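A.B. asks: Return a 3D structure for these sequence lines:
(one chain, ligands or ions: 1)
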Amino acid sequence: MDEKIRFLLTLQEYEQRLARVDPERQRSRLRQLEEAARDLPRRLARARQDWLGEERKIAVAEQGLGEREERLRQCLGQQALSPRPETLQALGAQIARLKAEISEGEDAILQQLEICEMKKKDLARLAEETRGPMAALEKDVAAQKALCMESEQVFRALQEKIGAFRKNIVDAEWLQCYDRVKARGIRPPWLVSASDHRCQGCHIRLSPEQEAFFAQNPRSQAFCEQCGRLLYALPTRDEGALEPESMPGPPSS
Ligand SMILES: [Zn+2]
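C.D. replies: Numbers count the residues shown, from 1 in each chain. Predicted coordinates for the structure are as follows:
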């Protein structure tokens, strides 16, 4: 096999790996996890605010009740001291109204206490429920951060290798053909052999014209008429097929 094809196959392997590493996908996963990790404490804080809000309402209601009770005590005192019947009557009406208001206020506070107790239980339940998921999420975030860093390192290392390959080693004409296939958005691999009378990318039989072309030009390139991939002729055994160990090894990173 041609040296340039071997190098191009190695370049292709690097570039396929580069496409699989995809650090942006890892970063986006990290952002999702971080958002979820922020969401749980936010829900807890909201539940806490709800409960505290109810506590404040009760404090206000109790203050109002206290003021009415004080007022009632004053009215009762005046009633005991006042000799005038019309004053007594007016006081009596005021006392009755205050008593009714106090009774309503006490009922309202009782209801409020129930709501408050419910909110407090909600908060405790939520805190209990989120403890496990929160710890798991924090672990996931840490693991994903490590994965992000790793994939960025691998990505950079592959980019460097690919850059060096493209600059120094690959035959310009073959590289152009290969890049044209890539640019058309064809799924990898972009360079495949034409062997067994088939394109080894789409596995469709070559046309008789392409067969004839490769028979006459075993070192030339052609595009598959079906899938558009770049084809090279795989030499038959008697033409000196390449032993597997003389292939370039997989890139190490
Ligand atoms: Zn094909």
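
A.B. asks: Show me which residues of the stretch 101-250 of the chain are close to the ion?
C.D. replies: Proximity of the stretch 101-250 of the chain to the ion, by C-beta under 5 Å from the ion, involves residues 199, 201, 202, 224, 226, 227, 229. All C-beta atoms are positioned from the backbone trio N, CA, C, and that covers glycine.

A.B. asks: List phi and psi for the last one.
C.D. replies: As for residue 229, its main-chain torsions (degrees, to the nearest 10) stand at phi -70, psi 160.

A.B. asks: Please list all residues in contact with it.
C.D. replies: Counting by C-beta atoms under 8 Å, 6 or more residues apart in numbering, residue 229 touches 181, 186, 189, 190, 191, 192, 199, 201, 202, 223.

A.B. asks: Now do the strands in the protein.
C.D. replies: Ranges of strands within the chain are 191-195, 198-199, 221-223, 230-233, based on DSSP state E.

A.B. asks: want to throw those strands into JSON lines with mean pLDDT and mean neighbour count?
C.D. replies: Shown next, in JSON lines, are the strands of the chain (pLDDT from 0 to 100; neighbours: other C-beta atoms under 10 Å):
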{"stretch": "strand 191-195", "mean pLDDT": "93", "mean neighbour count": "21"}
{"stretch": "strand 198-199", "mean pLDDT": "94", "mean neighbour count": "21"}
{"stretch": "strand 221-223", "mean pLDDT": "92", "mean neighbour count": "19"}
{"stretch": "strand 230-233", "mean pLDDT": "93", "mean neighbour count": "26"}
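
A.B. asks: Residue nearest the middle of the protein, spatially speaking?
C.D. replies: In the chain, the centroid-proximal residue (C-alpha atoms, centre = their mean) is residue 32; its distance is 2.8 Å.

A.B. asks: give me the residue from the stretch 51-200 of the chain nearest the ion.
C.D. replies: Closest to the ion within the stretch 51-200 of the chain is residue 199: 3.1 Å, counting by C-beta to the ion.

A.B. asks: Quick check: chain neighbours aside, which residue is closest to that residue?
C.D. replies: What sits nearest to residue 199 in space, not counting adjacent residues and going by C-beta to C-beta, 6 or more residues apart in numbering, is residue 224, at 4.1 Å.

A.B. asks: what about the one you found, neighbour count?
C.D. replies: Using other C-beta atoms under 10 Å, residue 224 has 22 other residues around it.

A.B. asks: Wait, it touches residue 203, no?
C.D. replies: No - the pair residue 224 / residue 203 is not scored as a contact, 10.1 Å apart, by C-beta atoms under 8 Å.

A.B. asks: any low-confidence regions in the stretch 101-250 of the chain?
C.D. replies: 236-250 (pLDDT under 70).

A.B. asks: at 50 instead, please
C.D. replies: 238-250 (pLDDT under 50).
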